[in-house]
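Peer 1: dropping the sequence and predicted coords here.
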Amino acid sequence: MTQKLRSHNWFGKKDKDGIIYRSWMKNQGMPTDMFDGRPVIGICNTFSELTPCNAHFRDHAEAVKKGVLEAGGFPVEFPIMSLGETLLKPTAMLFRNLASMDAEESIRGNPIDGVVLLTGCDKTTPSTVMGASSVGLPTIVVPGGPMLNGKYKGQDIGSGTHVWRFDEDMKTGKMTQEDCEFAESCMSRSIGHCMTMGTASTMAVMVESLGLTLSGASAIPAADSRKKVMAQLSGRRIVQMVKENLTIDKILTREAFENAIKVNAAVGGSSNFIIHLIAIAGRIGVNLKLEDFDTLGSKIPLLLNLMPSGKYLMEDFYYAGGLPVILNELKNHLHKNIITVTGKNHQDNIEGNTICYNEDVIAKYNSPIKAEAGCVVVKGNLALNGAVIKPSAATPALMKHKGRAVVFESIEDYNKRIDDPNLDIDETCVMVLKYVGPVGYPGMPEVGNMALPKKILQRGITDMVRISDGRMSGTAYGTAVLHVSPESAIGGNLALVQNGDMIELDVAQRKLHLHVSDDELQKRKTNWVAPKIAAERGYVHLYVNHVMGADRGADLDFLQGSSGSVVTRDSH
């Protein structure tokens, strides 16, 4: 290794500052030779008992440390804000950018030469990758792994996906409260994140397809001992990455992002993938547009038969061969010669690991589960900057639809009226939810897959067209038009929709149109009153004043780009 390590600016000093930096570290029992110039590896841990998906990360951190020590590195674990999708209110998405700032400043401000990101629950992956991208050090991701398959009364059940189904069954009397409480335990029966192709699994696939993990890392169940092996091997590898100066910007190229878009389509990944990948691209300096997801991904076939788009779960995906099999099936559509964290390209990484052991789980490219699976971008006067829909989780018959708008002016309005027997709604209507975008909620929650009215469900109807400026869980399903931009809270035309307006959705034509004249829209715009700002102080105030639209990744405008890893001044 010829380059001077970044950590030398702390531990290599021979003056007062050097004494301070080394001495206080020694109170943890570190011998002097740990400061002899070996690579210092930061282990960025998103462990929290309030983030159930990441509650096993103490063990993963120890496995990474073993690998770092074996390779001659100096491991140092540090925490950052952890974002638990299941508990954190009003939505974990509100704090993704804050966690990214935490990661960025923790990495930059400390004597770290390379970083290992321990990620799992939805926002912990993009937030840490965003932060690391803005610093630019050698970086490797260790995904936390999905839970084991849920097992309930002889059937496999998926976290998230079956939550929506159980809720519908409770409303229609098909399931008792006692059954539901029993099912809760059956669904979440091991450590790990959602075992459907929800956002957490999508994020794990995303980082592997970007080249930020060791090959095969994304599908290994959290409870499988091979997950700890992968963590230990990642610890070894990051030390070598530092020696090779294999920084994150060399991996996150435009071609890597294009690969990720195609892979996400093939696995039926979450629509949240779009907003997070755009945000990461904005940090690393890649010009990624909303339209790229349609152009590159919408014609890719669905190869993975996983909930919510299919039948199986992540454990089955791993046993069938995992992401290396998908990459092999897509090999003629991917950029092959781009570097990954291994120092090799994907083709070299997967060599010898491309056999599919269950073709009912992973289909062949020429005989896919669905011919076209990627997310589609629709535009029109209702979404001038675009909106997204996930066809693989939608009802084909509703992909071209024209219906009467039933408008909910807020999430509270929706909750109050949705099951009112007198609500003027039928299955041909279009449900519209306003003010749930980045500024409006604030934070853009996963409420876009609005539950249908009880009276509709009782008639055996399970899907309707739904439109909002919010998101939906990757575990969810339905014909939901999401991420409408500009959002309603800043005066986008979604704010102007009224009950009875006719709305036309034509996915094949990439069209979302409100059948109201421009003159009438302008009249409504004149009378529109902006909602009260969400907060007058603190992070939320900062967020609502600086968050960009969904089409730009909902990052904060001042976080675009990077500040690098240089810190010029000492602390004493």
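Peer 2: Thanks, I have the structure now. Just so you know, these numbers come straight off a predicted model, no measurement behind them.
Peer 1: buried residues of the helix or strand bottoming out on mean pLDDT in the chain, list them for me.
Peer 2: Between all helices and strands in the chain, the lowest mean by mean pLDDT, DSSP states H and E belongs to helix 161-171, at a mean of 86. If you call a residue buried by 16 or more other CB atoms under 10 Å, then helix 161-171 has these buried ones: 161-166, 168-169, 171. To be clear about C-beta, it is placed using only N, CA and C from the backbone, and glycine gets the same treatment.
Peer 1: can I get the helix or strand where L512 lies in PDB, CA atoms only?
Peer 2: Using DSSP states H and E, the element containing L512 is strand 511-514. Extracted C-alpha coordinates of strand 511-514, given in PDB (Å, rounded to 0.1, in the frame of the first residue of the first chain):
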ATOM      1  CA  LYS A 511     -51.100   9.100 -19.500                       C
ATOM      2  CA  LEU A 512     -52.700  10.500 -16.300                       C
ATOM      3  CA  HIS A 513     -55.300  13.200 -17.200                       C
ATOM      4  CA  LEU A 514     -57.800  15.200 -15.300                       C
END
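Peer 1: next secondary structure element downstream of it?
Peer 2: helix 518-527.
Peer 1: which residues are contacting that following helix?
Peer 2: The contact list for helix 518-527 (CB atoms under 8 Å, 6 or more residues apart in numbering) reads 381, 491, 493, 496, 498, 514, 516.
Peer 1: is A480 bridged to anything, and to what?
Peer 2: Beta bridges link A480 to R466, judged by DSSP bridges.
Peer 1: quick one: the strands in the stretch 101-250 of the chain?
Peer 2: Under the criterion DSSP state E, counting those that start in this stretch, the stretch 101-250 of the chain carries strands at the ranges 114-119, 139-143, 150-152, 155-157.
Peer 1: need the ones you listed in CSV (columns: mean pLDDT).
Peer 2: Putting those into CSV (pLDDT from 0 to 100) gives the following:
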stretch, mean pLDDT
strand 114-119, 98
strand 139-143, 98
strand 150-152, 93
strand 155-157, 93
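Peer 1: still on that earlier bit, which of the buried residues of helix 161-171 sits closest to V341?
Peer 2: Nearest to V341 among the buried residues of helix 161-171, counting by CB to CB, is T161 at 31.0 Å.
Peer 1: for the closest one, give its distance to E291.
Peer 2: Going from T161 to E291 by CB to CB, to the nearest Å gives 29 Å.
Peer 1: rewinding a little: tell me which of the strands of the stretch 101-250 of the chain lies nearest to E104.
Peer 2: Across the strands of the stretch 101-250 of the chain, E104 has its closest neighbour in strand 114-119 (10.7 Å, CB to CB).
Peer 1: ranges for the helices of the stretch 451-572 of the chain?
Peer 2: Counting by DSSP state H, counting those that start in this stretch, the stretch 451-572 of the chain has helices at residues 454-457, 518-527, 538-546.
Peer 1: and those helices: which comes nearest N349?
Peer 2: The minimum distance between N349 and the helices of the stretch 451-572 of the chain falls on helix 538-546, with 38.1 Å, by CB to CB.
Peer 1: got a list of what the closest residue to V229 other than its chain neighbours touches?
Peer 2: Nearest residue to V229 in three dimensions, chain neighbours excluded: A63, at 7.7 Å (CB to CB, 6 or more residues apart in numbering). Neighbour list for A63: 228-229, 231-232, 235 [criterion: CB under 8 Å, 6+ apart].
Peer 1: mind checking the SS state of A63?
Peer 2: helix (DSSP: H, G, I helix; E, B strand; the rest coil).
Peer 1: so it versus R510, what's the distance?
Peer 2: Relative to R510, and taking CB to CB, A63 is found at 46 Å.
Peer 1: what's the answer for L382, then?
Peer 2: Counting by CB to CB, the gap from L382 to R510 is 13 Å.
Peer 1: of the two, who's got more company?
Peer 2: L382 (28 against 16; other CB atoms under 10 Å).
Peer 1: that one contacts H515, correct?
Peer 2: No. Using CB atoms under 8 Å, L382 is not in contact with H515, being 9.8 Å away.
Peer 1: quick revisit: which strands and helices sit next to the least confident helix or strand of the chain?
Peer 2: Packing partners of helix 161-171 (3 or more CB pairs under 8 Å, 6 or more residues apart in numbering; DSSP states H and E): helix 177-187, helix 454-457.
Peer 1: among the ones you listed, which is the most enclosed?
Peer 2: helix 454-457 (a mean of 18; mean count of other CB atoms under 10 Å).
Peer 1: that one packs against which elements?
Peer 2: helix 161-171.
Peer 1: what sits against the closest residue to T199 other than its chain neighbours?
Peer 2: Distances taken as CB to CB, 6+ apart place G474 nearest to T199, at 3.7 Å, with adjacent residues excluded. Contact analysis of G474 by CB under 8 Å, 6+ apart lists 122, 160, 194, 196-202, 269-273, 308.
Peer 1: how near is G474 to V341?
Peer 2: From G474 over to V341 the distance is 24 Å, taken as CB to CB.
Peer 1: over to N366?
Peer 2: Counting by CB to CB, the gap from N366 to V341 is 31 Å.
Peer 1: and what of P31?
Peer 2: 29 Å.
Peer 1: in three-state terms, label G282 for me.
Peer 2: Put simply, G282 is helix when judged by three-state DSSP.
Peer 1: all set, thanks.
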